[in-house]
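Q: Just the structure for this:
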Amino acid sequence: MKDPNNPCLFCKTKNEDIIDENEFAYATFDSYPVSSLHCLIIPKRHVKDYFELSEEEVTGCDQLIKKIKSRVENDDETVKGFNIGINSGKVAGQSIMHCHIHLIPRRKGDVFNPQGGVRGVIPSKQHYIRKNK
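A: Down below sits the predicted model:
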């Protein structure tokens, strides 16, 4: 199995695989998509994780996330929501040590019970009963 970190897979993305970009980041489709049109927003500068991004890079990534979200919604009217996720560190599931942000389109009925959304990274914590206060 080839190591995606040596050389860094995201530092060598082919131009034809880039669906949009700005000065600080680019977007591409995920090679192992969770759903159709699952995209990655990737800073152009090689940094390990989100917490190493400059403010300008955070802004650039955020602008691209919003632009790609609109494009996905225009391309597929069945998309009714999104999950945005960042794995930071191996224990959080990061396998490519170059910051990347997942933009995952969601469709009604794509899972039986979507409650908890990103809380599903720890399955026993995803579904919960709200406490009355």
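Q: Just the buried positions in the longest helix along the chain, please.
A: Among all segments of the chain classified by DSSP state H, the helix with the greatest residue count is helix 55-75. Within helix 55-75, the residues that count as buried by 16 or more other C-beta atoms under 10 Å are Glu57, Gly60, Cys61, Leu64, Ile65, Ile68, Lys69, Val72. For every residue, glycine as well, the C-beta is placed using N, CA and C.
Q: Secondary structure element holding the residue nearest to the spatial centre of the chain?
A: With distances taken as C-alpha atoms, centre = their mean, the residue of the chain nearest its centroid is His102 (0.5 Å). Assigning secondary structure by DSSP states H and E places His102 in strand 101-107.
Q: Pull out the buried residues from that strand.
A: So strand 101-107, judged by 16+ other C-beta under 10 Å, has buried residues Ile101, His102, Leu103, Ile104, Pro105, Arg106.
Q: distance between the helix or strand of the chain with the lowest mean pLDDT and the chain's centre?
A: The helix or strand of the chain with the lowest confidence, counting by mean pLDDT, DSSP states H and E, is helix 123-126 at a mean of 78. The offset between the C-alpha centroid of helix 123-126 and the centroid of the whole chain comes to 20 Å, using C-alpha atoms, centre = their mean, to the nearest Å.
Q: where in the protein is pLDDT low?
A: Counting by pLDDT under 70, the chain shows no low-confidence range.
Q: mind running it again at 80?
A: Screening the chain residue by residue with the criterion pLDDT under 80, one finds the ranges 1, 119, 122-133.
Q: Strands along this structure, start to end?
A: Here the chain has its strands, by DSSP state E, at 18-21, 25-29, 39-43, 79-85, 101-107.
Q: pretty sure the residue nearest to the centre of the chain is touching Phe82, no?
A: No. Shown here, His102 and Phe82 do not form a contact pair, counting by C-beta atoms under 8 Å, at 9.6 Å.
Q: In the beta-sheet assignment, what are the partners of the residue nearest to the centre of the chain?
A: On the basis of DSSP bridges, His102 takes part in beta bridges with Leu40, Gly85.
Q: residues contacting it?
A: The contact partners of His102, taken as C-beta atoms under 8 Å, 6 or more residues apart in numbering, are Asp30, Val34, His38, Cys39, Leu40, Asn83, Ile84, Gly85, Ile86.
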